[in-house]
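Trainee: Compute the structure for the input listed below.
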Amino acid sequence: QVQLVESGGGLVQAGGSLRLSCAASGRIISIYNMAWYRQAPGQQRELVARLINDDSTSYADSVKGRFTISRDNAKNTVFLQMSSLKPEDTGVYYCNVIANGVDDRFPRGYWGQGTQVTVSS
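Mentor: Alright, predicted model coming up:
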């Protein structure tokens, strides 16, 4: 199947930057959409940024102008460049892809294990 491994989280001061990475591996036929979600303590998981078919992006209003999602197709990796970070950006960030593994009849969603981002004031 498809495995996702995230990296790049950590502790940063407000106004700082972090770059998250998510590498997909396994028996992959195709990867379609790639996205980042986050979940703050006591809150529901929310969509932060999405990249659709390499050429269309969408962002949560709260991160527009500060976060950029991108993709390296050769490495099956999606990135989230986060700048001007705020304490309210704190949470666990999850990578999500829509992909076809060799055992999938149809494309399905896969999740990474999450990486913690903490922004101090």
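Trainee: Helix, strand or coil: sort out the residue lying farthest from the centre of the chain for me.
Mentor: Relative to the centre of the chain, the most outlying C-alpha is that of Arg105, 24.5 Å out, by CA atoms, centre = their mean. When classified by DSSP: H, G, I helix; E, B strand; the rest coil, Arg105 comes out as coil.
Trainee: Now do stretch 32-42, average pLDDT.
Mentor: For stretch 32-42, the mean pLDDT works out to 95.
Trainee: Buried residues, that stretch. List them.
Mentor: 33-38 (16 or more other CB atoms under 10 Å). C-betas here are computed from N, CA, C, even on glycine.
Trainee: For this structure, which segments are assigned as strands?
Mentor: Secondary structure of the chain (DSSP state E): strands at 2-7, 10-13, 18-26, 28-39, 46-52, 56-59, 67-72, 77-82, 91-101, 108-111, 115-120.
Trainee: Pick the most buried one from those.
Mentor: Sort the strands of the chain by mean neighbour count, taking mean count of other CB atoms under 10 Å, and strand 77-82 sits at the top with a mean of 22.
Trainee: so what does that strand touch, helix or strand wise?
Mentor: With contacts taken as 3 or more CB pairs under 8 Å, 6 or more residues apart in numbering; DSSP states H and E, strand 77-82 sits against strand 18-26, strand 28-39, strand 46-52, strand 67-72, strand 91-101.
Trainee: make it 6 Å
Mentor: Strand 77-82 is packed against strand 18-26, strand 67-72, with contacts defined by 3 or more CB pairs under 6 Å, 6 or more residues apart in numbering; DSSP states H and E.
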